[in-house]
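Asks: Show me how the following folds:
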Amino acid sequence: MAIRILQIIGFVALLGAVVIFSITDHNSLALVMACGALLTLLLGRSSILGNPEGINGLPEGVEPRDVKNYRREHPDASISDAIRALSN
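Replies: Coordinates of the predicted model:
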């Protein structure tokens, strides 16, 4: 959770730099900061799907609601983690 907060702070700081550089007519620096903000936003996201290698749908007897409940109980688990845990 703390890492996510730092990512959000970094994103907001980069956006602030974009605004400041745009106002002061340093458009090239504003463009670089905007790219940095976009990369921070895109690369900082956690994976929801996880590593789907070897998973070809839900195992027998596992319902989508089971996966949803598992992820509610384990907030850091991806969908793939939940399917693997429920199939054992």
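
Asks: In the one helix or strand K68 maps to, which residues are buried?
Replies: With elements taken from DSSP states H and E, the one containing K68 is helix 64-73. Of the residues in helix 64-73, those buried by neighbour count under the rule 16 or more other C-beta atoms under 10 Å are 66-67, 70-71. Quick note: C-beta positions are derived from backbone N, CA and C, even for glycine.

Asks: got it, and stretch 9-17?
Replies: Burial within stretch 9-17, assessed by neighbour count using 16+ other C-beta under 10 Å, is assigned to 11, 14-15, 17.

Asks: what's the burial count for the residue nearest to Y70 when sequence neighbours are not counted?
Replies: Counting by C-beta to C-beta, 6 or more residues apart in numbering, A82 is the residue found nearest to Y70 once chain neighbours are left out, at 4.1 Å. Residues near A82, counting by other C-beta atoms under 10 Å, number 21.

Asks: confidence score at A82?
Replies: If you check A82, the pLDDT there is 90.

Asks: in terms of contact, does it touch E73 like I think?
Replies: No - using C-beta atoms under 8 Å, A82 is not in contact with E73, being 9.4 Å away.

Asks: ok, back up a step: mind putting the buried residues of helix 64-73 into TSV with pLDDT?
Replies: Formatted as TSV, these follow (pLDDT from 0 to 100):
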residue	pLDDT
D66	93
V67	92
Y70	93
R71	93
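
Asks: Pick the one among those residues closest to I5.
Replies: Set against I5, the nearest of the buried residues of helix 64-73 by C-beta to C-beta is R71 (21.1 Å).

Asks: from memory that closest one sits against I79, does it?
Replies: Yes - using C-beta under 8 Å, R71 is in contact with I79, at 7.1 Å.

Asks: my read: P59 touches R84, true?
Replies: No - between P59 and R84 no contact is recorded; they are 9.2 Å apart, counting by C-beta under 8 Å.
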